[in-house]
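**Q** Pasting a predicted model and its sequence here:
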Amino acid sequence: MVLKEFKLGYNPALDGMRGVAIVLVLLSHAHVPLFEGAFLGVDLFFVLSGFLITSLLLLEYRSQGRIQYWRFYRRRFFRLMPALALFLATYCVVAPLLWPELDDIHQDALVSLLYLADYGIAFFDSPGTLLHIWSLSVEEHFYLVWPPLLVLLLRSAQPGAVWRPIALLCLLAWLWRVFWVVQGQQFYEIFFRFDTRVSGLLMGSLLAALAIERPGFVPQLRARMHYAMWLPLAIPLLMALDWDNQSAMVWGITVVEMAAVVLLVAVQQRSGLVYDMLSAPALVKLGTLSYGIYLWHYPVVRYLRADHAWPVVVVLGLLISTALAALSFHTLERWAMRYRDGAQHGKARGAPVPAHACGRAGKGRPTKAGCRTTADALL
(Lines give C-alpha, C1' and ligand atoms only; values in the text may rest on other atoms or scores of the structure.)
Protein backbone atom coordinates (compact mmCIF):
# COMPACT_ATOMS: atom_id res chain seq x y z
CA MET A 1 0.00 0.00 0.00
CA VAL A 2 2.97 2.26 0.43
CA LEU A 3 5.26 0.56 -2.07
CA LYS A 4 5.41 1.12 -5.80
CA GLU A 5 6.00 -2.58 -6.36
CA PHE A 6 4.80 -4.95 -3.68
CA LYS A 7 7.16 -7.79 -2.83
CA LEU A 8 6.86 -10.25 0.02
CA GLY A 9 10.41 -10.63 1.24
CA TYR A 10 11.45 -11.15 4.84
CA ASN A 11 10.54 -8.19 7.03
CA PRO A 12 11.89 -8.34 10.61
CA ALA A 13 9.27 -5.86 11.82
CA LEU A 14 6.56 -8.44 11.14
CA ASP A 15 8.31 -10.85 13.48
CA GLY A 16 8.43 -7.92 15.91
CA MET A 17 4.65 -7.61 15.66
CA ARG A 18 4.39 -11.29 16.50
CA GLY A 19 6.66 -10.66 19.49
CA VAL A 20 4.34 -7.92 20.77
CA ALA A 21 1.29 -10.13 20.23
CA ILE A 22 2.69 -13.12 22.12
CA VAL A 23 3.70 -10.94 25.07
CA LEU A 24 0.18 -9.48 25.26
CA VAL A 25 -1.39 -12.95 25.19
CA LEU A 26 0.94 -14.18 27.92
CA LEU A 27 0.14 -11.14 30.08
CA SER A 28 -3.56 -11.89 29.72
CA HIS A 29 -3.20 -15.56 30.67
CA ALA A 30 -0.97 -14.62 33.62
CA HIS A 31 -3.82 -12.42 34.90
CA VAL A 32 -1.64 -9.32 35.09
CA PRO A 33 -3.59 -6.36 36.55
CA LEU A 34 -4.81 -3.89 33.90
CA PHE A 35 -3.99 -6.43 31.18
CA GLU A 36 -7.09 -8.60 31.31
CA GLY A 37 -7.97 -7.30 27.85
CA ALA A 38 -4.60 -8.36 26.45
CA PHE A 39 -6.41 -11.38 24.99
CA LEU A 40 -7.00 -9.00 22.07
CA GLY A 41 -3.34 -9.53 21.20
CA VAL A 42 -4.40 -12.62 19.27
CA ASP A 43 -6.13 -10.32 16.78
CA LEU A 44 -2.71 -8.98 15.79
CA PHE A 45 -1.84 -12.54 14.81
CA PHE A 46 -5.04 -12.89 12.80
CA VAL A 47 -4.54 -9.71 10.77
CA LEU A 48 -0.89 -10.54 10.11
CA SER A 49 -1.75 -14.08 9.04
CA GLY A 50 -4.50 -12.92 6.70
CA PHE A 51 -2.17 -10.36 5.14
CA LEU A 52 0.70 -12.77 4.54
CA ILE A 53 -1.34 -15.74 3.37
CA THR A 54 -3.43 -13.68 0.97
CA SER A 55 -0.36 -11.88 -0.34
CA LEU A 56 1.27 -15.21 -1.18
CA LEU A 57 -1.90 -16.52 -2.82
CA LEU A 58 -2.48 -13.36 -4.87
CA LEU A 59 1.13 -13.24 -6.04
CA GLU A 60 0.91 -16.90 -7.05
CA TYR A 61 -2.35 -16.37 -8.92
CA ARG A 62 -0.96 -13.30 -10.66
CA SER A 63 2.17 -15.10 -11.84
CA GLN A 64 0.66 -18.51 -12.67
CA GLY A 65 -3.02 -17.85 -13.25
CA ARG A 66 -3.97 -20.39 -10.60
CA ILE A 67 -3.29 -21.48 -7.01
CA GLN A 68 -1.71 -24.84 -6.29
CA TYR A 69 -3.91 -25.98 -3.43
CA TRP A 70 -1.94 -29.11 -2.61
CA ARG A 71 1.33 -27.18 -2.39
CA PHE A 72 -0.30 -24.59 -0.13
CA TYR A 73 -1.84 -27.14 2.25
CA ARG A 74 1.32 -29.22 2.29
CA ARG A 75 3.44 -26.23 3.27
CA ARG A 76 1.02 -25.28 6.05
CA PHE A 77 0.98 -28.85 7.33
CA PHE A 78 4.76 -29.17 7.60
CA ARG A 79 5.08 -25.73 9.19
CA LEU A 80 2.37 -26.15 11.83
CA MET A 81 1.63 -29.80 12.55
CA PRO A 82 5.05 -31.10 13.75
CA ALA A 83 5.30 -28.53 16.56
CA LEU A 84 1.66 -29.06 17.55
CA ALA A 85 2.03 -32.85 17.58
CA LEU A 86 5.18 -32.62 19.71
CA PHE A 87 3.49 -30.27 22.15
CA LEU A 88 0.37 -32.45 22.48
CA ALA A 89 2.40 -35.64 22.91
CA THR A 90 4.43 -33.99 25.66
CA TYR A 91 1.25 -32.67 27.26
CA CYS A 92 -0.28 -36.16 27.35
CA VAL A 93 2.80 -37.46 29.19
CA VAL A 94 3.37 -34.57 31.61
CA ALA A 95 -0.18 -33.33 32.37
CA PRO A 96 -1.19 -36.42 34.44
CA LEU A 97 1.84 -35.75 36.68
CA LEU A 98 1.05 -32.05 37.14
CA TRP A 99 -2.76 -32.32 37.34
CA PRO A 100 -3.66 -35.88 38.43
CA GLU A 101 -7.26 -34.81 38.97
CA LEU A 102 -7.84 -34.23 35.24
CA ASP A 103 -9.72 -36.94 33.40
CA ASP A 104 -10.01 -35.34 29.95
CA ILE A 105 -6.35 -34.97 28.97
CA HIS A 106 -6.42 -37.29 25.97
CA GLN A 107 -9.79 -36.01 24.81
CA ASP A 108 -8.51 -32.42 24.91
CA ALA A 109 -5.38 -33.41 22.99
CA LEU A 110 -7.42 -35.15 20.29
CA VAL A 111 -9.81 -32.22 19.84
CA SER A 112 -6.79 -29.90 19.60
CA LEU A 113 -4.99 -32.13 17.11
CA LEU A 114 -8.06 -32.15 14.86
CA TYR A 115 -8.31 -28.34 15.00
CA LEU A 116 -11.80 -28.45 16.50
CA ALA A 117 -10.98 -26.42 19.60
CA ASP A 118 -12.75 -23.24 18.49
CA TYR A 119 -16.22 -24.75 18.25
CA GLY A 120 -15.40 -27.35 20.89
CA ILE A 121 -14.74 -24.67 23.49
CA ALA A 122 -17.65 -22.47 22.39
CA PHE A 123 -20.30 -25.16 22.62
CA PHE A 124 -18.89 -28.20 24.45
CA ASP A 125 -16.28 -26.79 26.88
CA SER A 126 -13.61 -28.97 25.27
CA PRO A 127 -10.68 -28.69 25.33
CA GLY A 128 -10.73 -27.19 28.80
CA THR A 129 -7.06 -27.45 29.71
CA LEU A 130 -5.80 -26.49 26.24
CA LEU A 131 -7.94 -23.41 25.89
CA HIS A 132 -5.41 -21.50 23.80
CA ILE A 133 -5.58 -23.91 20.85
CA TRP A 134 -8.81 -22.23 19.73
CA SER A 135 -6.94 -19.58 17.76
CA LEU A 136 -4.93 -22.22 15.87
CA SER A 137 -8.24 -23.85 14.93
CA VAL A 138 -9.59 -20.53 13.67
CA GLU A 139 -6.55 -20.05 11.47
CA GLU A 140 -6.63 -23.64 10.22
CA HIS A 141 -10.25 -23.25 9.15
CA PHE A 142 -9.26 -20.08 7.32
CA TYR A 143 -6.44 -21.93 5.54
CA LEU A 144 -8.89 -24.60 4.39
CA VAL A 145 -11.64 -22.28 3.20
CA TRP A 146 -9.84 -19.20 1.93
CA PRO A 147 -7.73 -20.39 -1.08
CA PRO A 148 -10.67 -21.80 -3.10
CA LEU A 149 -12.93 -18.93 -2.03
CA LEU A 150 -10.28 -16.41 -3.07
CA VAL A 151 -9.99 -18.05 -6.49
CA LEU A 152 -13.76 -17.82 -6.86
CA LEU A 153 -13.64 -14.12 -5.98
CA LEU A 154 -10.76 -13.53 -8.40
CA ARG A 155 -12.64 -15.17 -11.25
CA SER A 156 -15.91 -13.36 -10.56
CA ALA A 157 -14.58 -9.89 -9.70
CA GLN A 158 -13.44 -7.30 -12.21
CA PRO A 159 -9.70 -7.48 -12.96
CA GLY A 160 -7.76 -5.65 -10.27
CA ALA A 161 -10.81 -5.26 -8.05
CA VAL A 162 -10.92 -8.35 -5.83
CA TRP A 163 -10.48 -5.97 -2.91
CA ARG A 164 -14.16 -5.03 -3.27
CA PRO A 165 -15.73 -8.41 -2.39
CA ILE A 166 -13.08 -8.87 0.32
CA ALA A 167 -14.07 -5.51 1.81
CA LEU A 168 -17.71 -6.63 1.73
CA LEU A 169 -16.75 -9.87 3.52
CA CYS A 170 -14.98 -7.81 6.21
CA LEU A 171 -18.12 -5.80 6.82
CA LEU A 172 -20.33 -8.90 6.86
CA ALA A 173 -17.97 -10.65 9.29
CA TRP A 174 -18.23 -7.73 11.73
CA LEU A 175 -22.01 -7.55 11.35
CA TRP A 176 -22.25 -11.31 11.94
CA ARG A 177 -20.38 -10.99 15.25
CA VAL A 178 -22.51 -8.02 16.34
CA PHE A 179 -25.65 -9.96 15.40
CA TRP A 180 -24.84 -12.65 17.96
CA VAL A 181 -24.11 -10.02 20.59
CA VAL A 182 -27.52 -8.45 19.94
CA GLN A 183 -29.09 -11.92 20.12
CA GLY A 184 -27.73 -12.24 23.65
CA GLN A 185 -25.33 -15.10 23.00
CA GLN A 186 -22.72 -15.71 25.71
CA PHE A 187 -19.37 -13.95 25.36
CA TYR A 188 -17.33 -17.16 25.17
CA GLU A 189 -19.65 -18.61 22.51
CA ILE A 190 -18.86 -15.63 20.29
CA PHE A 191 -15.21 -15.18 21.22
CA PHE A 192 -13.87 -18.60 20.25
CA ARG A 193 -15.63 -19.42 16.97
CA PHE A 194 -14.14 -19.22 13.50
CA ASP A 195 -17.22 -17.63 11.95
CA THR A 196 -17.30 -14.83 14.53
CA ARG A 197 -13.53 -14.23 14.61
CA VAL A 198 -12.66 -14.39 10.91
CA SER A 199 -12.88 -10.60 10.56
CA GLY A 200 -9.21 -10.07 11.47
CA LEU A 201 -8.02 -12.59 8.88
CA LEU A 202 -10.22 -10.91 6.28
CA MET A 203 -8.95 -7.46 7.30
CA GLY A 204 -5.41 -8.60 6.64
CA SER A 205 -6.56 -10.11 3.35
CA LEU A 206 -8.10 -6.81 2.33
CA LEU A 207 -4.83 -5.01 2.99
CA ALA A 208 -2.99 -7.59 0.86
CA ALA A 209 -5.42 -7.06 -2.02
CA LEU A 210 -5.06 -3.27 -1.79
CA ALA A 211 -1.26 -3.54 -1.65
CA ILE A 212 -1.09 -5.69 -4.77
CA GLU A 213 -3.93 -4.21 -6.85
CA ARG A 214 -3.36 -0.54 -5.87
CA PRO A 215 -6.77 0.93 -6.80
CA GLY A 216 -6.97 4.63 -7.62
CA PHE A 217 -7.90 5.85 -4.14
CA VAL A 218 -4.80 4.35 -2.49
CA PRO A 219 -2.61 7.46 -3.04
CA GLN A 220 -5.18 9.58 -1.19
CA LEU A 221 -5.24 7.10 1.67
CA ARG A 222 -1.47 7.02 1.71
CA ALA A 223 -1.31 10.81 2.01
CA ARG A 224 -3.51 10.65 5.10
CA MET A 225 -1.96 7.63 6.80
CA HIS A 226 -0.26 9.77 9.43
CA TYR A 227 -3.69 10.48 10.96
CA ALA A 228 -4.32 6.77 11.35
CA MET A 229 -1.14 6.32 13.40
CA TRP A 230 -3.20 7.32 16.43
CA LEU A 231 -5.05 4.01 16.22
CA PRO A 232 -2.21 1.84 17.59
CA LEU A 233 -2.04 4.18 20.58
CA ALA A 234 -5.59 3.11 21.46
CA ILE A 235 -4.52 -0.50 22.03
CA PRO A 236 -3.18 0.11 25.59
CA LEU A 237 -6.54 1.65 26.49
CA LEU A 238 -8.27 -1.59 25.50
CA MET A 239 -6.12 -3.70 27.81
CA ALA A 240 -8.40 -2.84 30.72
CA LEU A 241 -11.41 -4.48 29.06
CA ASP A 242 -12.51 -7.36 31.26
CA TRP A 243 -13.24 -10.83 29.99
CA ASP A 244 -16.97 -11.16 29.28
CA ASN A 245 -17.24 -7.51 28.25
CA GLN A 246 -19.29 -7.51 25.05
CA SER A 247 -17.81 -4.17 24.07
CA ALA A 248 -14.74 -6.14 23.01
CA MET A 249 -16.92 -8.07 20.56
CA VAL A 250 -18.67 -5.01 19.14
CA TRP A 251 -15.80 -2.55 18.72
CA GLY A 252 -12.72 -3.59 20.71
CA ILE A 253 -11.65 -6.31 18.29
CA THR A 254 -12.29 -3.99 15.35
CA VAL A 255 -10.08 -1.24 16.80
CA VAL A 256 -7.23 -3.73 17.29
CA GLU A 257 -7.66 -5.08 13.75
CA MET A 258 -7.53 -1.58 12.28
CA ALA A 259 -4.50 -0.72 14.41
CA ALA A 260 -2.77 -3.87 13.14
CA VAL A 261 -3.47 -2.77 9.56
CA VAL A 262 -1.94 0.64 10.27
CA LEU A 263 1.18 -0.99 11.74
CA LEU A 264 1.49 -3.29 8.74
CA VAL A 265 1.28 -0.34 6.37
CA ALA A 266 3.85 1.60 8.41
CA VAL A 267 6.47 -1.16 8.39
CA GLN A 268 6.23 -1.87 4.66
CA GLN A 269 8.51 1.12 4.02
CA ARG A 270 11.18 -0.66 6.10
CA SER A 271 12.22 2.60 7.66
CA GLY A 272 10.95 5.03 10.27
CA LEU A 273 10.24 4.92 14.00
CA VAL A 274 7.59 2.17 13.95
CA TYR A 275 9.76 -0.09 11.80
CA ASP A 276 12.78 0.48 14.02
CA MET A 277 10.81 -0.23 17.20
CA LEU A 278 9.30 -3.45 15.87
CA SER A 279 12.66 -4.55 14.47
CA ALA A 280 14.27 -4.58 17.92
CA PRO A 281 16.29 -7.82 18.16
CA ALA A 282 14.51 -9.10 21.27
CA LEU A 283 11.08 -8.63 19.70
CA VAL A 284 12.20 -10.21 16.43
CA LYS A 285 13.55 -13.25 18.28
CA LEU A 286 10.32 -13.61 20.23
CA GLY A 287 8.38 -13.29 17.00
CA THR A 288 10.47 -15.96 15.30
CA LEU A 289 9.59 -18.35 18.12
CA SER A 290 6.06 -17.03 18.67
CA TYR A 291 4.28 -20.11 17.33
CA GLY A 292 6.13 -22.38 19.72
CA ILE A 293 5.83 -19.94 22.61
CA TYR A 294 2.10 -19.76 22.01
CA LEU A 295 1.82 -23.55 22.07
CA TRP A 296 3.80 -24.05 25.29
CA HIS A 297 2.96 -20.96 27.31
CA TYR A 298 -0.60 -21.76 28.42
CA PRO A 299 -0.02 -24.96 30.41
CA VAL A 300 3.20 -23.45 31.79
CA VAL A 301 1.44 -20.27 32.92
CA ARG A 302 -1.55 -22.24 34.19
CA TYR A 303 0.72 -24.35 36.38
CA LEU A 304 2.74 -21.38 37.68
CA ARG A 305 -0.17 -19.08 38.49
CA ALA A 306 -1.61 -21.61 40.94
CA ASP A 307 1.22 -20.91 43.42
CA HIS A 308 2.96 -17.72 42.33
CA ALA A 309 2.23 -14.02 42.00
CA TRP A 310 1.81 -12.61 38.52
CA PRO A 311 5.35 -11.11 38.20
CA VAL A 312 6.85 -14.55 38.78
CA VAL A 313 4.35 -16.13 36.40
CA VAL A 314 5.21 -13.65 33.65
CA VAL A 315 9.00 -13.94 33.96
CA LEU A 316 9.20 -17.69 34.49
CA GLY A 317 6.38 -18.37 32.03
CA LEU A 318 8.10 -16.42 29.27
CA LEU A 319 11.52 -17.95 29.96
CA ILE A 320 10.29 -21.54 30.14
CA SER A 321 7.99 -21.19 27.13
CA THR A 322 10.72 -19.55 25.05
CA ALA A 323 13.21 -22.27 25.96
CA LEU A 324 10.77 -25.03 25.00
CA ALA A 325 9.83 -23.20 21.80
CA ALA A 326 13.49 -22.76 20.85
CA LEU A 327 14.17 -26.45 21.44
CA SER A 328 11.23 -27.38 19.22
CA PHE A 329 12.09 -24.82 16.54
CA HIS A 330 15.76 -25.69 16.17
CA THR A 331 15.13 -29.43 16.04
CA LEU A 332 11.81 -30.79 14.81
CA GLU A 333 10.46 -27.65 13.13
CA ARG A 334 13.70 -26.89 11.28
CA TRP A 335 13.85 -30.48 10.08
CA ALA A 336 10.24 -30.34 8.89
CA MET A 337 10.84 -27.09 6.98
CA ARG A 338 14.02 -28.43 5.38
CA TYR A 339 12.19 -31.58 4.36
CA ARG A 340 9.29 -29.54 3.00
CA ASP A 341 11.46 -27.12 1.05
CA GLY A 342 13.88 -29.80 -0.12
CA ALA A 343 11.09 -31.94 -1.53
CA GLN A 344 9.50 -28.91 -3.15
CA HIS A 345 12.74 -27.73 -4.77
CA GLY A 346 13.50 -31.26 -5.86
CA LYS A 347 10.22 -31.44 -7.74
CA ALA A 348 11.08 -28.13 -9.35
CA ARG A 349 14.38 -29.67 -10.59
CA GLY A 350 16.46 -26.79 -9.41
CA ALA A 351 14.27 -24.07 -10.86
CA PRO A 352 15.15 -20.61 -9.49
CA VAL A 353 13.01 -19.31 -6.66
CA PRO A 354 11.28 -15.96 -7.26
CA ALA A 355 12.89 -13.03 -5.48
CA HIS A 356 9.71 -12.13 -3.64
CA ALA A 357 9.77 -15.52 -1.92
CA CYS A 358 13.26 -15.24 -0.47
CA GLY A 359 14.52 -13.85 2.79
CA ARG A 360 18.09 -13.23 3.84
CA ALA A 361 19.89 -14.17 6.99
CA GLY A 362 22.86 -11.96 7.70
CA LYS A 363 25.49 -10.83 5.17
CA GLY A 364 23.15 -11.68 2.30
CA ARG A 365 23.24 -15.44 2.87
CA PRO A 366 20.10 -17.52 2.31
CA THR A 367 18.57 -18.95 5.44
CA LYS A 368 19.39 -22.52 6.47
CA ALA A 369 15.83 -23.76 6.03
CA GLY A 370 15.81 -22.86 2.37
CA CYS A 371 14.34 -19.72 0.87
CA ARG A 372 12.43 -18.32 3.84
CA THR A 373 9.54 -15.93 3.56
CA THR A 374 7.89 -14.07 6.37
CA ALA A 375 4.91 -16.41 6.00
CA ASP A 376 7.04 -19.41 6.99
CA ALA A 377 6.74 -18.33 10.61
CA LEU A 378 2.97 -17.87 10.64
CA LEU A 379 1.16 -18.71 13.87
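**A** Thanks, I have the structure now. If you're wondering where the values come from, they're calculated on a predicted model, not measured in any experiment.

**Q** Burial check on Arg224, number of neighbours?
**A** 9 (other C-beta atoms under 10 Å). Any C-beta I mention is one placed from the backbone N, CA and C, and that applies to glycine too.

**Q** oh sorry, the question was meant for Met229
**A** 15.

**Q** Who's the closest spatial neighbour of it, skipping the chain neighbours?
**A** For Met229, ignoring the flanking residues on the chain, the nearest one in space by C-beta to C-beta, 6 or more residues apart in numbering is Val262 at 6.3 Å.

**Q** do Leu144 as well
**A** Tyr73 is the one closest to Leu144 (C-beta to C-beta, 6+ apart), at 7.8 Å.

**Q** and the one you found, how far is that from Trp174?
**A** For Tyr73, the distance to Trp174 (C-beta to C-beta, to the nearest Å) stands at 28 Å.

**Q** So for Ser271, what's the pLDDT?
**A** Note on Ser271: pLDDT of 87.

**Q** Tell me how far it lies from Asn11.
**A** Counting by C-beta to C-beta - Ser271 and Asn11 are separated by 12 Å.

**Q** Which of the two has more residues huddled nearby?
**A** Shown here are Ser271 and Asn11; by other C-beta under 10 Å, Asn11 has more neighbours (21 against 11).

**Q** What mean pLDDT does the helix or strand hosting Val261 get?
**A** Remark: Val261 resides in helix 253-267, with elements defined by DSSP states H and E. In this model, helix 253-267 has a mean pLDDT of 94.

**Q** Likewise for stretch 84-97?
**A** For stretch 84-97, the per-residue pLDDT averages 97.

**Q** Sort out which residues of it are buried, please.
**A** For stretch 84-97, a neighbour-count test (16 or more other C-beta atoms under 10 Å) marks 84, 86-88, 91, 95 as buried.

**Q** List just the nearest of the residues you listed to Glu257.
**A** Closest to Glu257 out of the buried residues of stretch 84-97 is Leu84 (25.2 Å), distances taken as C-beta to C-beta.

**Q** and the closest one, how far is that from Arg76?
**A** In this view, Leu84 and Arg76 are 12 Å apart by C-beta to C-beta.

**Q** Contacts only, for the most centrally placed residue in the chain.
**A** Centroid-nearest residue in the chain: Phe45, 3.0 Å away (criterion: C-alpha atoms, centre = their mean). Taking C-beta atoms under 8 Å, 6 or more residues apart in numbering, we find Phe45 in contact with 18, 21, 135, 139, 290, 379.

**Q** Give me the number of neighbouring residues for Tyr199.
**A** One thing to correct before we go on: residue 199 is Ser, not Tyr. Residues near Ser199, counting by other C-beta under 10 Å: 25.

**Q** Phi first, then psi, for Leu114.
**A** phi -90, psi 0 (degrees, to the nearest 10).

**Q** what comes into contact with the one helix or strand Cys170 maps to?
**A** Using DSSP H and E, Cys170 sits within helix 163-182. The contact list for helix 163-182 (C-beta under 8 Å, 6+ apart) reads 153, 156-158, 189-190, 195-199, 202-203, 205-206, 209-210, 213, 215, 246, 249-250, 253-254.
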